[in-house]
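Trainee: Please find the sequence and the predicted model below.
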Amino acid sequence: MQSASLSSLKNLFEEPLLQEMLQHGEFKDFHEGDLIIDYGKYIRAMPIILRGTVKVYRMEKSGKEILLYYLSAADSCSMAYSCCMHSRKSEVKAIAEEDGQLLAIPHQKLDEWLCKYASWRSYIFDSFIHRFNELLHSIDLIAFGNLDQRVKNYLIDKSRHAQSSVVKVSHQQIASDLGTTRVVVSRILKQFENLNQLILYRNEIKLLRPFFSDDAAVT
DNA sequence: CCATTAAGATACT
DNA sequence: AGTATCTTAATGG
């Protein structure tokens, strides 16, 4: 009955592995706003997202919180993986951006499958590479302190996961995801709008073609 | 209607 | 870039 839910993984893994996933994995539905992983909690299973989108946050000691990345269909959380393997507490928090479903893989299987299945090895490896590159990109944006680019990156990312050029989000939400304030985000968005790169609505931002081209910062 | 909330504007730090 | 404050516009009872 649940095998239909695995459709997003069909092209990733060989049949015997898919069978094992059905057998040992646990399907979990989640809804918008659900807390999937919290800071400091032990992770006993690695989640693979089947449907929906999940936001992964990182918090520093002072309590400031920023969004690290999104997870969509067939994505998994590399953080969760490393926590499972070493029985460590979670360094991140995951919140559902929209309703969806995930498959929780028990940690005992993670290791076993690495030896047994080539497709599992390359999946884990690729997902680490992908996440690593994404984090590098984030570090660049933060280290070189360009908030314009961070907002831009945020919107493009979000639009990609929502598969729409219309992003449904409030300025306040963007601000807290990026660890800044609402007024600052509004200012930046207004600059983009003045350059005809997007159109602002209430709770909604429509991204126009020029926005996606990699031209320089506004400031 | 009114209450709530998002977003625009301005001025100051 | 961030804070404080005020105004205006949408939204949902």
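Mentor: On my side now, so go ahead. Residues are numbered from 1 along each chain as shown, chains lettered A, B, ... in the order given.

Trainee: got the contact list for the least confident helix or strand in chain A by mean pLDDT?
Mentor: Lowest by mean pLDDT, DSSP states H and E among the helices and strands of chain A is helix A:78-86, with a mean of 85. Contacts to helix A:78-86, defined as Cβ atoms under 8 Å, 6 or more residues apart in numbering, come from residues A:37, A:42-47, A:56, A:88-92, A:107, A:110-111, A:124, A:127-128, A:131-132. In this view, the C-beta of every residue, glycine as well, is placed from N, C-alpha and C.

Trainee: Give me the PyMOL select line for the residues you listed, limited to the buried ones.
Mentor: Filtering the contacts of helix A:78-86 down to the buried ones (16 or more other Cβ atoms under 10 Å) takes a single PyMOL command:
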select buried, chain A and resi 37+43+45+46+47+56+90+92+107+110+124+127+131
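
Trainee: Restricted to helices, list the contacts of helix A:78-86.
Mentor: When DSSP state H is applied, those are split such that A:107, A:110-111, A:124, A:127-128, A:131-132 fall in helices.

Trainee: Out of those, which is nearest to DNA strand B?
Mentor: A:Arg131 (29.2 Å; Cβ to the nearest atom of the strand).

Trainee: Need the pLDDT of the closest one.
Mentor: A:Arg131 carries a pLDDT value of 91.

Trainee: before we move on, what SS does the residue nearest to the spatial centre of chain A have?
Mentor: Per Cα atoms, centre = their mean, the C-alpha nearest to the average position across chain A is that of A:Tyr70, at 1.4 Å. Using DSSP: H, G, I helix; E, B strand; the rest coil, the structure places A:Tyr70 in strand.

Trainee: Report the secondary structure element holding the closest residue to it other than its chain neighbours.
Mentor: Leaving aside its chain neighbours, A:Tyr70 sits nearest to A:His161 (4.7 Å; criterion: Cβ to Cβ, 6 or more residues apart in numbering). Taking DSSP states H and E as the criterion, A:His161 maps to helix A:147-162.

Trainee: do the helix or strand just after that helix and DNA strand B meet at all?
Mentor: For helix A:147-162, the following helix or strand on the C-terminal side (DSSP H and E) is strand A:166-167. No - using Cβ under 7 Å from any atom of the strand, strand A:166-167 stays clear of DNA strand B, with a minimum separation of 10.2 Å.

Trainee: Residues touching stretch A:128-138, excluding its own?
Mentor: In contact with stretch A:128-138 (Cβ under 8 Å, 6+ apart) are residues A:68-69, A:78, A:81, A:153.
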